[in-house]
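Chemist: coords below, sequence missing:
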């Protein structure tokens, strides 16, 4: 099962998309906190669907901290047609989202 919970910092709001049947999608770029200085920075894309999408687009902005509950998906992407490099991109489909007050 790939259900997980993360604490993350919102880096960028990529905007809201509208689909047929009044389905909405809001995408965020988030960064996970670093455990130590030698630990790499982890940046992920977060997809929020449905009613929660409206709230996220309205209330959350860059530099906000959030708690994310969702499902992890790993996508294979290519980087340049000449080099034919394949890299993995992590995306989280959000089930629940909470503000984190510091």
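Modeler: Great, that's in hand. Not measured: the values here are computed from a predicted model.

Chemist: all contacts plus neighbour counts: C-alpha atoms, from now on.
Modeler: OK.

Chemist: how about the strands of this protein, start to end?
Modeler: 3-19, 23-32, 42-49, 65-79, 85-99 (DSSP state E).

Chemist: For the second one, buried residues please.
Modeler: Within strand 23-32, the residues that count as buried by 16 or more other C-alpha atoms under 10 Å are 24-32.

Chemist: again, but for the shortest one
Modeler: The neighbour-count check on strand 42-49 (16+ other C-alpha under 10 Å) flags 43-49 as buried.

Chemist: what about the residue nearest in space to the middle of the chain, distance to residue 59?
Modeler: For the chain, residue 46 is the residue whose C-alpha lies nearest the centre (C-alpha atoms, centre = their mean; 1.7 Å). Distance, residue 46 to residue 59, by C-alpha to C-alpha, to the nearest Å: 16 Å.

Chemist: again with residue 37
Modeler: Taking C-alpha to C-alpha as the measure, residue 37 falls 31 Å from residue 59.

Chemist: And for residue 25?
Modeler: Counting by C-alpha to C-alpha - residue 25 and residue 59 are separated by 15 Å.

Chemist: Equivalent analysis for residue 30, please.
Modeler: Residue 30 is 15 Å from residue 59, where distance means C-alpha to C-alpha.

Chemist: ok, back up a step: so which of the buried residues of strand 23-32 comes closest to residue 13?
Modeler: Comparing the buried residues of strand 23-32 against residue 13 with C-alpha to C-alpha places residue 28 closest, at 4.6 Å.

Chemist: was I right about the closest one contacting residue 9?
Modeler: No - with contact defined as C-alpha atoms under 8 Å, residue 28 and residue 9 do not form a contacting pair (10.0 Å).

Chemist: and residue 28, what pLDDT?
Modeler: For residue 28, the pLDDT comes out at 90.

Chemist: which residues sit in contact with the closest residue to it other than its chain neighbours?
Modeler: What sits nearest to residue 28 in space, not counting adjacent residues and going by C-alpha to C-alpha, 6 or more residues apart in numbering, is residue 13, at 4.6 Å. Applying C-alpha atoms under 8 Å, 6 or more residues apart in numbering to residue 13 gives the contacts 26-29, 57, 61-62.
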